[in-house]
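Visitor: The following block contains a protein sequence and its predicted model.
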Amino acid sequence: MAVIWLMLDLTGSASLTGFIAFAATLPALLFGLFSGVLADYYRRRSLMLISDAARFFFILLIPILYSADLLSPMILAAVVFISASFGTLFNPSRDAIIPELVPETHLLKVNTIMQSTGYLAYFIGLFGAGMFLNALGLVRLFYLDSGTFLFSFIMVFLITYPRPKQRPAKYESRHLSELKKGLQYVIHEDRRIFWIILITALNNLFIMGPAVVGTPLLIKEVWSGSGQDFAFIESSYGIGMLLSTFLVYRLGSRYKKGTWLMLAIIYDGLTFIPLFWVGQLMIDPFWLTITIIFIHSLGIPFIQVTRTTLVHSIVPGHMQGRVFSMINLAVIGVMSISVALTGIIAEWVSPRTIFLFIGIAASLSGLLGLSMKSIRHTD
């Protein structure tokens, strides 16, 4: 939240706001797949520690450089890019380490708990940012942000578990060869995973740019809202996602997970369409936006929890790091394209209109998956 609003404050430019979001997500596009290879061949806990330590340092640079009057838009983008590059190590390592820590029968429950703690942190972080924004100022929030990575480093360091079985010995740093094996597995051995990744990429191409860049532009352009408004509106994601995890916990095992996943992607698109009417109805735009975002957020756990559990269930353990990195690429990597396009398009098209069209397109990607019997029956 802070880095996007900081760029918007520094420049007032929609395209540069899209550019900073692009810098934060481009590493997933460039390095995401190789991070999955590393997660399959090195100890996942160690990769998570490296990721947290680097992000602590580089995020700390932002307020230090700003205080020294050295923080230009390009330097900010460079710092964000480097920090995000180390961040690509974390998600595939975290997701792939879970089956090493818990039995298979508990995977759905554990993934639900994992996601719910993330959603709780999302709410606390953004709501807290809104509460502290006036007292501390936008830039000082980065001190708190860097501290969260230090806290994460300590928590990951305290994890103890038996060292997993030795990874295959023929690695010899042949990243391209191992990456090719992962791609061959997805494309040729299990087409269900291929289609899930492709539909995930399509959905995020339409959804993520407007969600990340379009929302602050909507707030600032439609009703001249503040960074505090942005923080509070974004925090409603955390509330909705946290509440929805209880529904996933209760309902997730009743029907095929592939069906849940595609229905949730359809819902993901449809619930963004009402943002088109923000500022046009006789309703306070702040409360209308926060209500729509809350309703939208209820579908996100049905995407994230069910998709993660599907990978744990149907992908061999030695391939999970690479598959999760491909999913991360389909989410964060494709987001880099989406945010850049949104920033450019928003120079000519109203953010409200953008939400209308992307909502329709994203829901169609879910309908594509739901039309495929092999996806509907995947569990």
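Guide: Nice, I can see it.
Visitor: switch to C-alpha atoms for all contacts and neighbour counts from now on
Guide: Will do.
Visitor: Report how many residues lie close to the residue nearest to residue 82 when sequence neighbours are not counted.
Guide: Among residues not flanking residue 82 along the chain, residue 58 sits closest, at 7.5 Å (Cα to Cα, 6 or more residues apart in numbering). Number of residues near residue 58 (other Cα atoms under 10 Å) recorded here: 18.
Visitor: Against residue 329, how distant is residue 58?
Guide: Using Cα to Cα, to the nearest Å, we find residue 58 at a distance of 22 Å from residue 329.
Visitor: helix or strand right after the lowest-mean-pLDDT helix or strand in the chain?
Guide: Ranked by mean pLDDT, DSSP states H and E, the weakest helix or strand in the chain is helix 175-184, scoring a mean of 70. Using DSSP states H and E, the next helix or strand after helix 175-184 towards the C-terminus is helix 191-209.
Visitor: So what touches that next one?
Guide: 186-187, 265, 269, 311, 326-327, 329-331, 334-343, 358-359, 361-363, 365-366, 368-369, 374-375, 378 (Cα atoms under 8 Å, 6 or more residues apart in numbering).
Visitor: for stretch 244-255, the distance to its chain's centre please.
Guide: 21 Å (Cα atoms, centre = their mean, to the nearest Å).
Visitor: buried ones in that stretch?
Guide: Of the residues in stretch 244-255, 244, 245, 247, 248, 249, 252 count as buried by neighbour count, 16 or more other Cα atoms under 10 Å.
Visitor: Ok, stretch 72-91 next?
Guide: 73, 76-91.
Visitor: Sort out for me which of those are in strands.
Guide: With strands defined by DSSP state E, no entry of the buried residues of stretch 72-91 lies inside them.
Visitor: re the thing from before, would you agree the residue nearest to residue 82 is in contact with residue 81?
Guide: No: between residue 58 and residue 81 there is no contact under Cα atoms under 8 Å: 9.7 Å.
Visitor: what's near enough to touch residue 257?
Guide: Here residue 257 is in contact with 306, 307, 310, 376, 377, 378, 379 (Cα under 8 Å, 6+ apart).
Visitor: Next up, the contacts around residue 30.
Guide: Residue 30 touches residue 333, counting by Cα under 8 Å, 6+ apart.
Visitor: so how far is residue 330 from it?
Guide: 12 Å.
Visitor: next one: residue 181
Guide: 18 Å.
Visitor: Ok, residue 205 next?
Guide: The value you get for residue 205 to residue 330, if Cα to Cα is used, is 8 Å.
Visitor: which residues make contact with the helix or strand hosting residue 237 from outside it?
Guide: Per DSSP H and E: residue 237 is located in helix 227-251. With contacts defined as Cα under 8 Å, 6+ apart, helix 227-251 is touched by 1, 5, 108-109, 112-113, 115-117, 119-127, 129-131, 133-134, 215-216, 219, 286, 289-290, 293-302, 305.
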